[in-house]
Structure formats: structure tokens, C-alpha cells
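[1] Would you be able to build a 3D model of this:
(one chain, ligands or ions: 1)
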Amino acid sequence: MLTLLLAGAASTRWPVVYLSLEEARSVLEQFRERLPAELRPFGPDAAASWEAWVRARDAEIRARVTAGEEESLVNLVLFGTSFTNQRRVTPADLLAGNPAGATDEAAREAGRQFGLLLRARMDDFLRALAQPGGNERLAIARRLLQAKGFDATDAETHDAIRQYLLALFVRISQQQAHYAELLATARAFEDPTQQFIERSQLFRDRGLSVDTSLVPNFAIQESLKELRERGMLTRHSVRRVAILGPGLDFADKQTAYDFYPLQSLQPVAVVDSLRRLELAAAGGVAVVTLDINPQVNAHLARAQQAARRGQSYTLQLPRDPQVRWNPEFTAYWRSFGDQVGVPATPARVPPALAGLQIRAVRVLPKFVARIEPVDLNIVVQRLVLDAPREGFDLIVATNILVYYDAFEQGLALANLTRMLRPGGLLLSNNAVPEVPGLGIRSVGYRTTVYSDRPDDGDHIVWYQKSASDSGR
Ligand SMILES: C[S@@+](CC[C@H](N)C(=O)[O-])C[C@H]1O[C@@H](n2cnc3c(N)ncnc32)[C@H](O)[C@@H]1O
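    Okay, here's the model as predicted:
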């Protein structure tokens, strides 16, 4: 008999357990040569070492959330428009801010100007932090600073906060240079599959970013469409969906828009696509979201509770007209939400972003009420699924497995497989290792291009759980 270890953060409606040694066995075998030191001596005490490792690793992974939030904080300070009238920082400013590039007087002057802009933005940010009002991002930033020991309401601490922000800015710039190098190394692989595998673990040491955007949802819709055309998904067959790492539109590294309220796109986007493609079951689609970020889970829980009181959930959909988007993506953007909501008045675009296109959708409460957030770390945890909570027909996992190495991706796959129904599908834009004995394998992929910018697209890999392996 396997013991089910109930994890601390378990939801009452959805029991969460740690992956057991038995369940992880095939992954441990596959990575035998590359296991963490604590897991190598596989003797009679293996079960005890496994349980200790799993708990310690859970805590370590969860600690990476703060580093991700720090990155979002820096993006907010550099690019946000909700707390300042100063102009947004541009890529040219960031280059000028790098003293290594200052080879002549003009470059040094550009560097000084960038320093002044940064200082002015930080001052506005600190002033706004004292009174965040309804600005959720500032409220989150204030809590993050508090957790780091800074009281943003006390002007005496402002110098220390500026120093902290500058140190973060330097750390993140260095990290970005490091990731650019890793990406170049991955690109050097001649075999495109090997390249994709390398890129799929690119952020294995990085803070866990919370950010999200519309584009991966377009790629998921394109994959769902092809799966339907190939008969791998049939009409009205999808009843239960899990979204792994739904994220929150806080201030991402590409656009960092902060002029509309926080929102989570993917749980709504997937239902919208399933309905558009007539894949959603007649009785509707139940969605469970799995995330370790407390902000994400609290946001979705609030949205669900509000929906149960009859309130709708509004999504803002900005689109930069300066990018040459693929026409199919533009069509997706135009129709987004028409299966789950009605057009709404978009947020006012600030002068700093003049020209930005935006539409908004008011998602009907009946769809949001069926989104159930659960706190779960996919590397070491899974949901217990028995009747009436049966396995998922579909799990969507975009821009999340890239934060883990191959061994941890293998563990995540073990957890994901156990949560799928036999024959159920996992769609991911990262390639994960196929582990013999897990009962899941890749059955195809689709590449979707978003715009004519270099590398602006995703490969969505389709993994299918074996139909006969119902015991897993
Ligand atoms: C970069 S966001 C991606 C959001 C969205 N899926 C998308 O593609 O736009 C990654 C999300 O995964 C969550 N996440 C990261 N590691 C996780 C883990 N081990 N278990 C569950 N959620 C995790 C983060 O908290 C965040 O919400």
C-alpha cells in the first residue's frame, strides 16, 4: 500500500499529495546518473530520503517565487505608467545604462540621462507606494518590499529602497546577459530537436515569473484545432481541463503594461477556444488551475467568488500596432472572448502608450464560477483524482516547465500523467523528457508564428496518456 502524504497547502475541495517514491521510481531510474546527491544512495532508507527531499525541494522551489516577483517589480519601475508621467525606459536607455558601453562623451551623457530618468521614476514610484489606492500592483510591490524589511510609507527608508531597486536592476541586467548567452549556446545545436530541448530548460535557475500574455493561447487554439481535424479530439468531448501555471498579467518583460487591473488570461482563453472549436462538452467545461504563486491563487479565488455572486470578470486585450502580427493572430485577438463574454469598454490608454490598440471583454460569471484555483507545486505534488473528480481530458502548460531541469520536468510529467484521464492530452510549449514506464508519450506538435519578429512563435508539443493505462 502506498501512503498518501497530504501536503500542507492542500485545498479542502481538491486534496493535494506529494508524489510518492513508487510513483517517481521510473523517473529516478531514468536520471540515475544525474540525481541530486541526497537521492543517490538508494538503499533501505530510500523512502525516508525521498520524503525529506520532496519537502525540502518543495520549499526551495516556492522560494523562487520571490525572485520572480522582484523581476516584475523592476519591470514596473522601468516601464509602468500608472504611477508616473515620466517617459517609459526604452531598450536604447538600457544600453546607455550599461557603463561598459560608454566609450565616448556622447555615450557617457546618454548614461547620465538614463540615471536621471531612473531616479525620477523611482521617486514617483516611492511617492505612489505610500498611497497605492486601488492600484493592485503597487499594493503587491509594497507587500514585497515589506517582506524584504522596507516600510515604503516611511520616507526615511526611501534611500535604502532606491539602493535595493538599483541592486535588483543590476542583478537582472546581468541575468539577462547570462540568458542571452545560454540561448546562443542552445541555438548552436545543429539538430533542431536538441535545440528545442535545450531551450525548454533555459530558465531552470531563474526566479519564477508570474507574467502572462495572450500569444501562447493563440498557439494552444491552433493546436486544439489541428487535434480536432486529426480526430484526436472529438466534438463536445472536453469536460475537465487543468491549467498549469495560469500566471497573472503583472508587468511582463516585453510590454509591462500596468494601466489596467491585474488579470489572468489562460483559464478563460482555453474555454473560449474549446467552445469556438465545438470541443467543449454540452454541460460546460470545469477548469482547475494549479499554481504555487499565492498572488495568482488569491486573484483567481476572488474572481471565482465574485462570479458566484453574479459579477463578471473583465479582460483587457492590448495589441501593439507597430508589430507586424501574423494575420491569424490578429483575427484571434479580434474574436477573443466572443464564446464566453461580451465586448466591454477598454481601459484608457495612457499618453505614454498613445496608438496602442485595445479591446476588452466582459466574461460572463457562469464561466468564471467554474474556475477552481488550487495551490500545487507540479514538480513534487499532484491532485488526488477519484470519482467524481476524475482525470482531466486536457492539461495546458505553457511557459512553466522551462523553469525546471530535465529531472524535475520528468517528475512534473509523472504528476501530470496521474492527473490525466486515460487518453487525455497535455499541451506544452516546452519539450519534456519522455520517461519509459510513465504511460505518456508525445504524439505530435504544431508550430505557431505570432509575428515577423525573430523567434516570435511557439512549438506546442502534444503528449498523450496511454488509453489502456487506466491504473495510473
Ligand atoms: C511565466 S508564467 C506563465 C503563465 C501562462 N501559462 C502563460 O504562458 O502566459 C508561469 C506560471 O507558472 C507558475 N509556476 C511556476 N512553477 C510552478 C510549479 N512548480 N508548480 C505550479 N505552478 C508553477 C508561476 O507561479 C506562474 O504563474
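[2] Next to the ligand, which bits of the stretch 101-250 of the chain? Give me the list.
    Leu208, Ser209, Val210, Asp211, Thr212, Ser213, Pro216, Gly245, Pro246, Gly247 (Cβ under 6 Å from any ligand atom). Heads up, the C-betas are built off the backbone N, CA and C, glycines and all.
[3] Now the element after the helix or strand that Asn75 is a member of, going C-ward?
    Applying DSSP states H and E as the criterion places Asn75 in helix 46-79. Going down the chain from helix 46-79, the next helix or strand is helix 91-96, by DSSP H and E.
[4] tell me the angle of the very next helix or strand once past that following helix relative to helix 46-79?
    Next in sequence after helix 91-96, counting helices and strands by DSSP H and E, comes helix 105-130. If you take axes from the mean of the first three to the mean of the last three Cα atoms, to 10 degrees, helix 105-130 sits at 110 degrees to helix 46-79.
[5] what packs against helix 105-130?
    Secondary-structure packing of helix 105-130 (3 or more Cβ pairs under 8 Å, 6 or more residues apart in numbering; DSSP states H and E): helix 46-79, helix 91-96, helix 136-147, helix 158-187.
[6] Mean confidence (pLDDT) on it, please.
    In this model, helix 105-130 has an average pLDDT of 91.
[7] Stretch 449-459 too?
    95.
[8] Any idea how far that stretch is from the middle of the chain?
    With Cα atoms, centre = their mean, to the nearest Å as the basis, stretch 449-459 stands 18 Å off its chain's centre.
[9] if we can go back for a sec, now the helix holding Asn75, how far from the centre of its chain.
    The chain centre lies 14 Å from the centre of helix 46-79; the measure is Cα atoms, centre = their mean.
[10] Quick one: the helices in this structure, in order.
    Ranges of helices within the chain are 21-30, 46-79, 91-96, 105-130, 136-147, 158-187, 192-199, 215-229, 266-276, 294-308, 327-335, 365-368, 406-419, based on DSSP state H.
[11] Determine which of these approaches Asn377 most closely.
    Shortest distance between Asn377 and the helices of the chain, using Cβ to Cβ, is found for helix 46-79: 5.3 Å.
[12] Check which helices and strands the closest one sits against.
    The helices and strands touching helix 46-79, judged by 3+ Cβ pairs under 8 Å, 6+ apart, are strand 16-18, helix 21-30, helix 105-130, helix 136-147, helix 158-187.
[13] hmm, back to that, and the residues of the stretch 101-250 of the chain next to the ligand, which is closest to Thr398?
    Nearest member of those to Thr398, counting by Cβ to Cβ, is Pro216, at 4.0 Å.
[14] Against the ligand, how distant is the nearest residue to the closest one once chain neighbours are set aside?
    Leaving aside its sequence neighbours, Pro216 sits nearest to Thr398 (Cβ to Cβ, 6 or more residues apart in numbering; 4.0 Å). Distance, Thr398 to the ligand, using Cβ to the nearest ligand atom, to the nearest Å: 4 Å.
[15] Same question for Phe329.
    With distances taken as Cβ to the nearest ligand atom, Phe329 is found 15 Å from the ligand.
[16] same question, Ala354
    Distance from Ala354 to the ligand, by Cβ to the nearest ligand atom: 26 Å.
[17] can you check Asp123 too?
    Separation of Asp123 from the ligand (Cβ to the nearest ligand atom): 30 Å.
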